[in-house]
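*Asks:* Structure for this input, please:
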Amino acid sequence: MNGNKNLFRPRRHAETKDGRNMDRIDRIFRIKAANPMPRQNPGNLVNHVYFSSSAFVSSCLCGLLIALFLLTSGARADTPLPPQLRDVGFDQRLDEQAPLDLQFADESGKPVVIRDYFHEKPVILVMAYYRCPMLCTLVLNGLVQGLRDISLDVGKDFEVVTVSFDPRETPDLATAKKQTYLSRYDRPGAEGGWHFLTGQEPAIRELAQSVGFRYHYDPATDQFAHAAGIIVLTPTGKISRYFYDIRFSPRDLRLGLVEASSGKIGSPIDQALLFCFHYDPSVGRYGVAVMNFIRLGGVLTMLALGAFIGIQFRRERKRDASSLPPVPIIPLSSSPSP
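*Replies:* Reported below is the predicted structural model:
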């Protein structure tokens with residue numbers, strides 16, 4: 001300890017300017033010697049370098065994965081569809097006339113023409129073959145569920161025509177299919193309004209082409225590749241609406257039928273809903289009609305402004321009338337009778 005004290009003992013200097021500076025340097029040196037700075041731990045430095053390297057490697061890996069995903073996504077987008085799916089889908093033909101003179105056979109085997117089901121009611125057309133193992137059944141299941149959730153009745157307010165696009169199918173299959181879905185729908189009078197038809201290849205092909213329904217037969221699997229959806233037609237046979245998917249919104253079904261009937265079915269509430277909702281052909285469903293809301297808001301604003309101006313004008317007139325001085329009333333003197 002004595003050696004340490006002697007080590008940090010300040011030197012004696014003359015009372016000069018340089019001596020005072022040397023005393024200050026000695027004091028600073030003693031303070032630093034008493035409180036030495038901690039040395040950098042080599043382990044901490046190694047850990048810092050290690051973690052920095054790990055973060056750099058992780059960033060590089062993430063960048064490579066993102067680039068690989070984008071490349072594979074572009075490759076998938078450029079990959080052509082299988083031959084079985086190239087000619088499958090819907091081509092919208094809104095406002096075009098469907099051929100109503102095509103001949104088919106109903107579920108009882110009786111020859112009918114499509115025109116037999118177009119009178120004064122809109123028609124829902126379903127293209128579905130009855131031996132379909134999956135998609136056609138899902139479409140019909142979704143349709144019957146959507147129809148159960150609306151108050152309009154099959155047979156009373158509209159017709160449903162299901163046409164098989166497999167020319168090998170028979171009325172017996174159509175009868176079995178009709179019984180299945182009538183029992184699921186479970187409303188009186190539906191048996192006279194939901195029809196299941198079969199037909200020959202030329203009539204099937206012409207009807208499918210006229211409504212834009214494209215399908216493809218695969219001999220290897222003995223099945224048809226086809227799109228999922230239904231078509232709503234007017235009472236005169238013009239194509240009014242397409243609804244895609246295997247589930248159908250009750251609101252869309254009701255509004256589509258009301259529009260196809262030109263307001264002959266439904267209620268005033270449906271007409272108000274048609275003002276608020278607009279059919280979007282690109283997605284095959286109804287969406288909020290934003291422009292109609294903007295127009296309605298503009299009209300209401302003008303009416304409110306006009307009412308405000310009218311009220312203020314009437315108040316101003318009343319105020320001016322009350323500020324006028326009263327008119328003196330001079331009584332008429334009666335002249336004496338002669």
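*Asks:* how about the strands of the chain, start to end?
*Replies:* Counting by DSSP state E, the chain has these strands, from start to end: 89-90, 103-105, 111-113, 123-127, 159-163, 194-197, 213-218, 223-226, 229-233, 239-244, 277-280, 285-288.
*Asks:* possible to save these as a markdown table with distance to A176?
*Replies:* Backbone N, C-alpha and C define where each C-beta goes, glycine included. A markdown table is the format used below for these (distance: least, C-beta to C-beta, whole Å):
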| stretch | distance to A176 |
| --- | --- |
| strand 89-90 | 27 |
| strand 103-105 | 15 |
| strand 111-113 | 19 |
| strand 123-127 | 16 |
| strand 159-163 | 12 |
| strand 194-197 | 9 |
| strand 213-218 | 22 |
| strand 223-226 | 19 |
| strand 229-233 | 21 |
| strand 239-244 | 25 |
| strand 277-280 | 35 |
| strand 285-288 | 31 |
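*Asks:* Out of those strands, which is closest to E96?
*Replies:* strand 239-244 (5.4 Å; C-beta to C-beta).
*Asks:* Run through the neighbouring helices and strands of that closest one.
*Replies:* Helices and strands touching strand 239-244, as assessed by 3 or more C-beta pairs under 8 Å, 6 or more residues apart in numbering; DSSP states H and E, comprise strand 229-233, helix 250-260.
*Asks:* and the ones you listed, which one's lowest on average pLDDT?
*Replies:* Comparing mean pLDDT across those, the weakest is helix 250-260, with a mean of 92.
*Asks:* And that helix, what's buried?
*Replies:* R251, D252, L253, R254, L255, G256, L257, V258, E259, A260 (16 or more other C-beta atoms under 10 Å).
*Asks:* cool, and stretch 118-129?
*Replies:* So stretch 118-129, judged by 16+ other C-beta under 10 Å, has buried residues F118, K121, P122, V123, I124, L125, V126, M127, A128, Y129.
*Asks:* how about low-confidence regions in the protein?
*Replies:* 1-86, 263-300, 308, 320-338 (pLDDT under 70).
*Asks:* between the strands of the chain, which one is nearest to R317?
*Replies:* Closest among these, using C-beta to C-beta: strand 285-288, at 43.6 Å.
*Asks:* How about the contacts made by T198?
*Replies:* F104, A105, V163, S164, P167, E169, T170, P171, L173, A174 (C-beta atoms under 8 Å, 6 or more residues apart in numbering).
*Asks:* I meant to write A228 there.
*Replies:* Counting by C-beta under 8 Å, 6+ apart, A228 has contacts L135, L138, V139, Y244, D245, I246.
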